[in-house]
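In: after the sequence you'll find the predicted model.
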Amino acid sequence: RERERSMSSVQQNFARKKREREKSEAARLPSTKMLFYSFFKSLVGMQVCVELKNDLSIRGTLHSVDQYLNIKLEDITVEEPDKYPHMMSVKNCFVRGSVVRYIQLPAEHVDVPLLQDATRREASGEGKK
């Protein structure tokens, strides 16, 4: 019986630590997402190229982005029209954030030092305060 009690307390301790670790990771996730969300919000109106996980690349004007990093593009063109002829008639589209592989941005609109600084602050925990 004593061994059963100690095993259950060890298991309880393990479960408590796991919950604390998950809570800590969950607390970091939204602010990291907010870093990207804020960055992409600043690029509204710019030309971007969105590469999807199915290898489709769409170039267009960033119309909007939401907290899930879903993207609305206007005046789109497909990078490989021969491969995706059905997309030729589409002018505007909504892209679910979870299917995005890359977003290519014009270099002149990326403030690299600002992003590096924000990332450092986020990693050190200052971004939570």
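Out: Arrived safely.
In: need the contact list for Ile71.
Out: For Ile71, the residues meeting the contact criterion (CB atoms under 8 Å, 6 or more residues apart in numbering) are 40, 50, 62, 64-65, 94-95, 97, 100, 103. For every residue, glycine as well, the C-beta is placed using N, CA and C.
In: drop anything exposed from those.
Out: 40, 50, 62, 65, 95, 97, 103 (16 or more other CB atoms under 10 Å).
In: from those residues, pick the one nearest Ser124.
Out: Within the buried ones among the contacts of Ile71, the smallest distance to Ser124 is 23.0 Å, found for Phe40 (CB to CB).
In: what's the most distant pair in the buried ones among the contacts of Ile71?
Out: Every pair of the buried ones among the contacts of Ile71 checked by CB to CB; the farthest is Leu62 and Gly97, at 13.1 Å.
In: any chance of JSON lines for the buried ones among the contacts of Ile71, columns secondary structure?
Out: Shown next, in JSON lines, are these (DSSP: H, G, I helix; E, B strand; the rest coil):
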{"residue": "Phe40", "secondary structure": "helix"}
{"residue": "Val50", "secondary structure": "strand"}
{"residue": "Leu62", "secondary structure": "strand"}
{"residue": "Val65", "secondary structure": "strand"}
{"residue": "Val95", "secondary structure": "strand"}
{"residue": "Gly97", "secondary structure": "helix"}
{"residue": "Ile103", "secondary structure": "strand"}
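In: nice, that's everything, thank you.
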